[in-house]
Each structure stands twice: as structure tokens, then as C-alpha cells.
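Student: Let me see the structure of the following:
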Amino acid sequence: MKNKVLLISFFAVVFIIASCKKSDPDPVPYAKFTVDGTSVEYNHATNFNKICIMSHYCGSFEMEKDAVDSNLLGIGLPSDVANGATYHAGDSDFLVTYYDGDSNFYSSYYGGTITLNVASWDYNEGSGWVEGTFSGSVHSENDPIHDSVVFQNGDFLGKIYVISF
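Tutor: Sure thing, here's the model as predicted:
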């Protein structure tokens, strides 16, 4: 009788463990967009965090890991970031920067029409995810009046990770 109880208990535990929902792995951060007519996808990213100069939360996306001043998209968001928030070039503490493949630097700091919509800001106790869309132009550091790049159909997903002191 004892063996039957142990056997039934064993199968009950196995059934319970097998029926538990396995947690899904974290999604992979990315930025996809068309820039001046060329579609690109960046699959390497830093976390959105508070280590910023001109914004409250900053994150970046790159085509290749450890890209230095090439194929790099940076997004800086204000402290009031929330679901449904929309930011435009010239808004305080909002910044979009872009290094193209030739290391030319473009930024909403120098002007442009870039608009970014935050579809989801899921931040809780130091971590979470941000998702959004963007389009518009940012201007060149070297010639802000005559040189810009245009983003279309931009969307991104980034990890938020902030250590509070």
C-alpha cells in the first residue's frame, strides 16, 4: 500500500510540474526603420537607463555589437515618459541621434521633424520594457540647414534597467 501511495504521489508531483506554465524568455531588443529609403534593422542594444547627458532615460541601438560612431541610433526620453506619450524634435529632454555607416552624425538637437510615440512603457522597480514608433528627420551636426536624414516606419523595443541609489 505504501508503494502505491508513493507512486501516486510521484506521478501527481510530475503532473503538477509538467502542467506549470513555463515563463517565456525575454524578447530581443531591436530598432527597425527606413532611413533615406533604405530599410535597416538593429539587433544590438543598450538598456534604457539614467546615465544621460541631455535626457532622463537613454538607450541606443546598433547594427553590430560595439559599433563605434557607425550605424548607431540613440533615443533619449524625458522623465515623464509613459504609455501613449508623444515627443517631438525640440521638446525638452527628448533627443534622437544617428550615426550613419560613414560616421556622419545627425541629431534632433540640431533640428528636424522627428516624432516618437511611446506605445508601451512598462517600468517597475528598476526594470521593464519600452516599445514605440518614430518617423521624421534629424539634422546634421556639420550642416544643419542643408543636410538631414529622414526616418520612416520606425519601431523599437528596448529593455529598461535602472539602478536607484
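
Student: Name the next helix or strand following the one helix or strand D122 maps to along the chain.
Tutor: In this assignment (DSSP states H and E), D122 forms part of strand 115-124. Of the helices and strands lying after strand 115-124 in sequence (DSSP H and E), the nearest is strand 127-140.

Student: Run the chain-centre distance for that following strand.
Tutor: Centroid separation between strand 127-140 and its chain, computed with Cα atoms, centre = their mean, to the nearest Å, is 8 Å.

Student: And the average pLDDT for that strand is what?
Tutor: Here strand 127-140 scores 96 as its mean pLDDT.

Student: who does it pair up with?
Tutor: Strand 127-140 pairs in its sheet with strand 105-112 (antiparallel), strand 115-124 (antiparallel), strand 148-161 (antiparallel), by DSSP bridges.

Student: before we move on, back to that, buried sites along the strand holding D122?
Tutor: By neighbour count with 16 or more other Cβ atoms under 10 Å, strand 115-124 contains the buried residues T115, L116, V118, W121, Y123. Bear in mind the C-beta positions are built from the backbone N, C-alpha and C, glycine included.
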